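In: Give the three-dimensional model of this entry:
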Amino acid sequence: MIRTVRNMLSGVVLAATLLACGGATEQAEVRDNTQEVLDYYAAHPDLFQFKTLADLPADLVWERGEGLPDLGSPDAKKGGTQYGSIQDFPRTLRYVGPDSNGAFRTWILDDVTLPLALKHPDTDYDFYPALASEWALDEENGIVYARLDPAARWSDGEAITVDDFMFMFFFNRSEYIVAPWYNNYYNITFSNITKYDDHTLSVTMNTKKPDFAYQALDLRPEPQHFYKELGEDFVERYQWRFVPTTGPYVIRDEDLIPGRSVTLTRLQDWWAKDKKYFANRYNVDRIVLNVIRDANNVFESFKRGDIDQFGLNLAEHWYEKLPNTDPDVANGYIHKSVFYNQRPRPNYGLWMNTSRPMLDDQNVRLGIQYASNWDLVIESFFRGDYSRMHTANDGFGSFSHPTIRARPFDIDKALEHFALAGFTTRGPDGILVNEQGQRLAFTITTGYPTFADILTILREEAAKAGLEFRIEVLDQTAGWQKVQEKQHDIGFVALGVGTEMYARFWDYYHSDNAYDDAFLEDGSVNPDRKIKVQTNNMEVLASYELDQMIDQFVASNDVDEMRELSHRMQEFVYEYASFVPGFVQDFYRIGHWRWVKYPEFFNHKSPSLATELHVHWIDEQLKQETLAARRAGQAFEPQIRVYDQYRMQ
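Out: Reported below is the predicted structural model:
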C-alpha cells in the first residue's frame, strides 16, 4: 500500500496555507512528496517503465481524428456572462474523495477538462484530439500509444507532460485520496504506463476489452506540481483549492463566495482555444452560478431574465408555467426547444438498501416492486411524455437485456409477496403489520425537490397495497450524501451514465463496494464485515454468486462472452429485486432567452443536456436589444422548435 512507501522529507517547516473556504488560514505542514513518488515508481517496475523513442514499434499507424465533423457553430461569438443557478453550494472543490461526486463536478471536471482524446458526439467510436495530437493502437496487445500536443498547458501555465500521466497513476491508486472507486479502477484496468519522452507515452490494459481504446484515451492527467503536498490530510488540505485544469475555465479565490455563488472565468489564452474541435465551444467569458435552493425561485429568476436558461423537462414547466401562449414566449423573448438525443439514460428509480431490516427480505422487495405505480407517475406527472425504464442498465445496445420488463403495478401480487414475508394484517390506517407488530414502512430519501410530487403519487398508490412510504426531500448534496453513506432505506436517485459500450456492473453490484471483506475465502458471509460508504453500490448488494460473474466480466475480452454475462447479471439483479426501475426520456427540453444562441442544428447527438458541450454563446448586444424591446412592447417572431434529427424511430 502507498502508506508503506511514504518517505517524509526532513527539514519540514510550517507555513500558513489557505485551507478554509472563507479565506481563513491554518498552519499546514509544507511537504514535497517528489521522493515518495519516485520510490513508488521504483517499487512498481512493471507498472511504471521508462524507455526511449527508439523503443517505439516501427509499424504504428498514428491517428489524428481527421475527417470528423466540426463541433459547434462558426457563427459562435466569444464573450458575455452567463447567469445560472446551483441548488446548493459545493461541499468541496476536489473532484475526488468524500463529497466530490455531486452535480457541481460537471463544472470543474466532466464537461470542461480534456483527456488524451474524446469520442465524437455524432459517431459511435471515433475520437478527436484533445491533449494528444495523435495516437496509435496495438489491437493485439491492448496498448494505446499517444503523443501529447506540445502546446498543452495547465491553467497555471505549467506544461502538461507525460510525468503528469505517470503521477496520475500514483494519485488515483493512493489511499490518501479516500476514493475506493478510483483506487480499484486504476488497479484492475491498467497494467503499465511507459514514458518514451516528455510528450510520448503508452498505456497497456490489464485486459484488452472491446472498448480498450476509449478506456485509455479517456485518461485525464493530474498536475504533479500542484499535488506535491499530497498526503494523509489530502481531504482537508485540498478542500477549497482549485486544481489547475486542462480546460478553459478556472475558479478564482475571489469568485468563490461561500453559500452564495461560484463564478467560472474563461482563460483568454487557453492553449486549445483555436484547435479544430474547441474553437467554436466554451464561448462564454464568465459563468455565474448563484445558489438558489428552491426550484420555484429558480424559475421565477429565469422569467425575470436573471437566469439565461432553464430546463423545461418537467411537464409542469413546459405546459403550464411556460406555455406557448406565455407573453415572453409568444413575443419571441424566450425561445423553447426540444432536442431528441441518443445515449444511455440516467437510471432513475428506487434503490433499496438491503442491509436495512425488512429490506433484506426478497419478498418484501418484490412486494415493493409491485406496489410502485410508475405508470401512473408517467401518465399524470410527465403527461405521457416519458416512458418506463426496465433495468438500471438500459440503453447499452446488445449489452442491455432484450426481454426483461419492469414489473407492473399490481396490488394483488404485492400483497402476495408481503404475506410471504409475514405481513398479513392491516393496521387501523391500512398499513400492513407482522406478528411482531412491525409496520411495513420505509423512508424514501431524495435530493430532487422538483420530483417531490412523484413520491407523493408513489406513496398514495403504495398505501393501497398496505405499504407506507415516508418521504424525505433534502437538498441535492445532502440527499446524495445520505445515500452514499448508506444511511437510507430507499433512495430515489439516478446515476449519470456515459456513452460507454456497456454498464459498470462492478460499481453498482460488486460486494467490494458493499462491505469491507464481505465474504470469507470459502464464499461464506464474513460475520465481521462492515458496510463500505462512498461507493455506488447503493443497494448494499453482496452476492458471492454475482461477484463471480462480475469478476469474469471484468476479466473477459470476448464480446460474446461479455454480452452473455451482461444478460445473466441483469437477470440476477432482476430476481434480487432491490432496484425499482423508474422512467426514461429520449429528449431534453429547454427555455432560453433570445440572447442565448445555439448552432442552427441546435446540438450534437449524444449530450444529455443542451449545455454539456458548451456550443452555445451569449450575444450581449442582442440581450440589450431584447430587454429594450420587452420594455417597449415590441415583439419578435416566436421560436418554439423541435429538433428530431436524432429521434429513434
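In: phi, psi of Pro221?
Out: phi -70, psi 170 (degrees, to the nearest 10).
In: again with Ala216
Out: phi -80, psi -50.
In: Count the neighbours of it for me.
Out: Applying other C-beta atoms under 10 Å, we find 26 residues neighbouring Ala216. C-beta coordinates here come from the backbone N, C-alpha and C atoms, glycine included.
In: With His120 instead?
Out: 19.
In: distance of it from Tyr214?
Out: The gap separating His120 from Tyr214 is 12 Å, by C-beta to C-beta, to the nearest Å.
In: Residues that sit against both of these two, list them.
Out: Counting by C-beta atoms under 8 Å, 6 or more residues apart in numbering, the common neighbours of His120 and Tyr214 are Phe127.
In: Now Ile411: closest residue in space, sequence neighbours ignored.
Out: Among residues not flanking Ile411 along the chain, Ala465 sits closest, at 4.8 Å (C-beta to C-beta, 6 or more residues apart in numbering).
In: Same question for Ser301.
Out: That would be Ile307: by C-beta to C-beta, 6+ apart, it lies 4.7 Å from Ser301.
In: Next: Thr263.
Out: Thr263's closest residue in space is Asp255 (C-beta to C-beta, 6+ apart), at 3.7 Å.
In: Check Phe418 too.
Out: Counting by C-beta to C-beta, 6+ apart, the residue nearest Phe418 is Gly367, at 4.2 Å.
In: I'd guessed the one you found sits against Leu467; true?
Out: Yes. Using C-beta atoms under 8 Å, Gly367 is in contact with Leu467, at 6.9 Å.
In: Can you work out which residues contact both of these two?
Out: Counting by C-beta under 8 Å, 6+ apart, the residues touching both Gly367 and Leu467 are Ala414, Phe418.
In: picking up where we left off before, dump the residue contacts of the residue nearest to Ser301.
Out: Contacts of Ile307 (C-beta under 8 Å, 6+ apart): Tyr83, Gly84, Ser85, Val298, Ser301.
In: can I assume it sits in a helix?
Out: No. Counting by DSSP: H, G, I helix; E, B strand; the rest coil, one finds Ile307 to be coil, located in no helix.
In: Which pLDDT does the model give it?
Out: Listed pLDDT for Ile307 reads 98.
In: what's the offset of stretch 223-234 from the middle of its chain?
Out: 24 Å (C-alpha atoms, centre = their mean, to the nearest Å).
In: now, which of the contacts of Ile307 lie within helices?
Out: Val298, Ser301 (DSSP state H).
In: In CSV: the contacts of Ile307, plus distance to Gly633, pLDDT and neighbour count.
Out: Shown next, in CSV, are the contacts of Ile307 (distance: C-beta to C-beta, whole Å; pLDDT from 0 to 100; neighbours: other C-beta atoms under 10 Å):
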residue, distance to Gly633, pLDDT, neighbour count
Tyr83, 24, 98, 19
Gly84, 28, 98, 20
Ser85, 29, 97, 21
Val298, 27, 97, 21
Ser301, 23, 98, 17
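In: Out of the contacts of Ile307, the closest to Tyr643 would be?
Out: Distances from Tyr643 to the contacts of Ile307, taken as C-beta to C-beta, are shortest for Gly84 (21.7 Å).
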